[in-house]
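Enquirer: how would this look folded up:
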Amino acid sequence: MDIARDLFAFVGRLGIGIIFVAHGLQKLTTMGISGVAQGFETAGIPLPVISAWYNVLVELIGGVLLIIGLALPLVGVLLAINMAGALVFVHLAGGLFLPTGFEYVLALGVAALAIGFNGGRWAVDKLIFGRRAPAGV
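Expert: Numbers count the residues shown, from 1 in each chain. The predicted structure follows:
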């Protein structure tokens with residue numbers, strides 16, 4: 001059972017990580033930071049240039065870190081914050097359903113949190129930090 005749990009945690013990290021890397025690369029290579037910032041400004045996102053850098057770097061680097069399983073809790077929270085921003089500033093007005101709704105960013109944000117706090121044993125975090133002692137010990 002542990003092998004299946006670790007396998008599916010890895011598959012989850014891989015899948016969600018690939019999506020984040022792809023979105024970060026897409027923004028960086030097709031739009032550039034200035035294009036992302038311009039889109040963010042149009043959407044009313046505060047500090048559009050800083051937000052654009054945060055968005056691209058967190059998606060790109062965070063996606064890679066999800067895949068390899070490094071700094072998972074931090075990465076999960078940062079990606080969830082990123083998706084919360086997308087939900088509030090861009091997709092909320094579109095309702096729940098795609099193409100303009102927030103279901104996709106909600107699913108990605110929640111998945112990043114879940115994986116960030118349960119990335120399985122096949123993660124670099126487990127190699128570095130090993131098994132943590134139970135609370136109160």
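Enquirer: How about G109, nearest residue that isn't a chain neighbour?
Expert: M83 (3.1 Å; C-beta to C-beta, 6 or more residues apart in numbering). Every C-beta, even on glycine, is put in place using the N, C-alpha and C of the backbone.
Enquirer: separation between that neighbour and A111?
Expert: Using C-beta to C-beta, to the nearest Å, we find M83 at a distance of 9 Å from A111.
Enquirer: same question, G130
Expert: G130 sits at a distance of 25 Å from A111 (criterion: C-beta to C-beta).
Enquirer: which one of those two has more residues nearby?
Expert: It is A111, of G130 and A111, that has more neighbours when counted by other C-beta atoms under 10 Å, with 21 against 9.
Enquirer: Can you get me a residue count around F97?
Expert: Considering only other C-beta under 10 Å, F97 is surrounded by 10 other residues.
Enquirer: wait, it sits on H91?
Expert: No. Counting by C-beta atoms under 8 Å, F97 does not reach H91; the two are 10.3 Å apart.
Enquirer: Next one, pLDDT for F129 please.
Expert: Per-residue confidence for F129 comes out at a pLDDT of 86.
Enquirer: Next up, the contacts around it.
Expert: Counting by C-beta atoms under 8 Å, 6 or more residues apart in numbering, F129 touches no other residue.
Enquirer: where does it sit relative to A43, distance-wise?
Expert: F129 is 38 Å from A43, where distance means C-beta to C-beta.
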